[in-house]
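# The following block contains a protein sequence and its predicted model.
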Amino acid sequence: MSLTPTSAADRARILTEALPYLQRFRGKTIVIKYGGNAMVDDALKQGFARDVVLMKLVGINPVVVHGGGPQIGKLLERIGKKSEFVQGMRVTDRETMDVVEMVLGGLVNKEIVNLINRQGGKAVGLSGKDGGLIRANKMMLTRRSADEKLPPEIVDIGHVGEVKAIDPQLVALLDNAEFIPVIAPIGVGEDGETYNINADVVAGKLAITLKAEKLILLTNTSGVLDREGKLLTGLSVKQVHDLIGDGTISGGMLPKVNYALDAVLSGVRTAHIIDGRVPHAVLLEVFTDEGVGTLIRS
Ligand SMILES: Nc1ncnc2c1ncn2[C@@H]1O[C@H](COP(=O)(O)OP(=O)(O)O)[C@@H](O)[C@H]1O
Ligand SMILES: CC(=O)N[C@@H](CCC(=O)OP(=O)(O)O)C(=O)O
């Protein structure tokens, strides 16, 4: 294919636009959370895998944390179980926990590993159980009672964990040996109990532990939207609190925003909630001047 003079110039401009980003991010860690809702079609998935491989080749350390909520929901439906969420967290009984571990640690994890490897990368799939990577505690949620005078209710959502500690050793070992870690959000408790952890929580905590430069959360909206459905391109700490307080941010967006905020308040330079339905969204976010999605900074 021959290039017209303009398109050649455009391409050259786009390639050189990447230079400052290549210089800035070389040797740095970028944690990318690949949400189940962003894994929609084969072309998009291949594009995502290509972006990750490219990052690694230019000297960045991408660490992938994946979700798989819709995929878990489908399998649960097949065995006649309904999915139930409280504040964006799946209510997880024993049987659901088995399905979650099978889908996240097995099917979804290996699919992403395979996708990256087919693009020429060297991905290694891990769950939080491998190498003692993610230690978890049982998560308890609080819910405001209908009667304002009563104290908040404590809600037990079963085998759902919060991150107690992350041991970065294994991830560091893989990074240094040119491998790309692909992590399923499963944790292990002190008693050896398995915990289902929201992938946004794991991505946020991992970004803090690895002292990542950036946390990127890929989802199925163009970013955080206001009440009118308009994209909010940048959010401060106060704006986040206001939007949660007035109910503009709800459901699955709650853990994303909360843990993105936690990350930037704990040393991660920037967190981005971006649209995984846009081809090569990660590449555009990392290597171009074009702002995509919502930027959260401290
Ligand atoms: N203010 C908001 N802006 C954008 N999305 C929101 C907002 N509040 C709630 N959401 C919901 O959060 C969803 C994203 O979370 P989730 O479904 O858990 O995605 P993922 O699988 O990528 O983690 C959106 O599809 C949308 O339905
Ligand atoms: C506790 C909890 O909610 N765990 C999630 C884990 C998967 C996940 O986070 O997937 P997405 O990123 O695709 O939503 C779940 O069971 O759905």
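Yep, that arrived. Ligands and ions are numbered 1, 2, ... in the order given.
# Which residues of this structure lie near ligand 1?
35-38, 67, 69, 219-221, 224-225, 248-253 (C-beta under 6 Å from any ligand atom). C-beta: built from backbone N, CA, C; applies to glycine.
# Show the overlap between those and what lies near ligand 2.
35-37, 67, 69, 252.
# Could you export stretch 166-184 as PDB, CA atoms only?
C-alpha atoms of stretch 166-184 as PDB (Å, rounded to 0.1, in the frame of the first residue of the first chain):
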ATOM      1  CA  ILE A 166       0.200  -7.700  48.300                       C
ATOM      2  CA  ASP A 167       3.600  -9.400  48.000                       C
ATOM      3  CA  PRO A 168       5.200  -7.800  45.000                       C
ATOM      4  CA  GLN A 169       8.100 -10.200  44.800                       C
ATOM      5  CA  LEU A 170       6.600 -12.500  42.200                       C
ATOM      6  CA  VAL A 171       5.400  -9.700  40.000                       C
ATOM      7  CA  ALA A 172       8.900  -8.000  40.200                       C
ATOM      8  CA  LEU A 173      10.500 -11.300  39.300                       C
ATOM      9  CA  LEU A 174       8.400 -11.700  36.200                       C
ATOM     10  CA  ASP A 175       8.800  -8.100  35.100                       C
ATOM     11  CA  ASN A 176      12.600  -8.300  35.300                       C
ATOM     12  CA  ALA A 177      12.500 -11.600  33.400                       C
ATOM     13  CA  GLU A 178      10.600 -10.000  30.500                       C
ATOM     14  CA  PHE A 179       7.300 -11.700  31.400                       C
ATOM     15  CA  ILE A 180       3.900  -9.900  31.500                       C
ATOM     16  CA  PRO A 181       1.900 -10.800  34.700                       C
ATOM     17  CA  VAL A 182      -1.800 -11.300  34.100                       C
ATOM     18  CA  ILE A 183      -3.600 -11.400  37.500                       C
ATOM     19  CA  ALA A 184      -7.000 -12.800  38.500                       C
END
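# for stretch 263-270, the distance to its chain's centre please.
Stretch 263-270 has its C-alpha centroid displaced from the chain centroid by 15 Å (C-alpha atoms, centre = their mean, to the nearest Å).
# now the end-to-end length of it.
By C-alpha to C-alpha, to the nearest Å, the extent of stretch 263-270 from end to end equals 8 Å.
# Going forward, count from 692.
Renumbered: residue one is now 692, and that last one reads stretch 954-961.
# Quick check: bridge partners of A962?
Beta-bridge pairing of A962, defined through DSSP bridges, involves L906, I987.
# of all of the stretch 692-841 of the chain, which residue lies closest to ligand 1?
The stretch 692-841 of the chain approaches ligand 1 most closely through G726 (2.3 Å), counting by C-beta to the nearest ligand atom.
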